[in-house]
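S.K.: test case, fold it:
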Amino acid sequence: MEISLTPLEQTRLASMATQAGFDSVDRFVAEHVAALACEPLPEEIGRLSPEALRESLAMCDLGMRQAQHGLAIPVDESRQAVAGRLERLESPTSGPPIAGASRTERTDEEPREQSR
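M.R.: Residues are numbered from 1 along each chain as shown. Here you go, the predicted model:
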C-alpha cells in the first residue's frame, strides 16, 4: 500500500512520531493504521444504552482530565501490561475462556505521572 502525503503532512507526522517516542515515522503510521484496522465497522457496533453512553463519556472525560494534568502511562509500559493480562487469560492454568467475558481488565486506578 502506498500513501501520498504533502511535505507539510510528512513534517507534522515526523514531529508527532518523535513526540510519541517512535523510532521512525513508518512505525508510527503503521501503528495508527493497524489500530484503525482493528476498530469495529459501524454495522458491528450496537447502539449504546443511555447508561452505557454516560459511562463511556465519563471514562473519556476522566482520561482527558488525566492527560491535561500530565498523568499518563508510557505506551511501552501499557503494552506490556496488556500483554501480561492476555498471557494470564490465555494461560493453560487459567482455565477455558468464559463465554462473553471481556479480554481486558478494568480498573479505576489513576495512572501515575509520566516521567519525561
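S.K.: which residues in this structure form helices?
M.R.: For the chain, applying DSSP state H gives helices covering 7-19, 25-38, 50-68, 75-90.
S.K.: center of this structure, which residue is that?
M.R.: Centroid-nearest residue in the chain, with C-alpha atoms, centre = their mean: A35, separated by 7.9 Å.
S.K.: pLDDT value on that residue, please?
M.R.: Note on A35: pLDDT of 91.
S.K.: returning to what we had before: by mean pLDDT, show me the worst of the helices of the chain.
M.R.: helix 75-90 (a mean of 84).
S.K.: wait, Q66 touches A72, no?
M.R.: Yes. Contact criterion C-beta atoms under 8 Å: Q66 and A72 qualify, at 6.9 Å. Where you see a C-beta, it was placed from the backbone N, CA and C, and this is true even at glycine.
S.K.: circling back to that earlier point, return the residues in contact with the residue nearest to the centre of the chain.
M.R.: Applying C-beta atoms under 8 Å, 6 or more residues apart in numbering to A35 gives no contacts.
S.K.: what about it, distance to L71?
M.R.: 22 Å (C-beta to C-beta, to the nearest Å).
S.K.: coming back round to it: turn the helices of the chain into JSON lines, columns for distance to E44.
M.R.: Below are those laid out as JSON lines (distance: least, C-beta to C-beta, whole Å):
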{"stretch": "helix 7-19", "distance to E44": "28"}
{"stretch": "helix 25-38", "distance to E44": "11"}
{"stretch": "helix 50-68", "distance to E44": "16"}
{"stretch": "helix 75-90", "distance to E44": "21"}
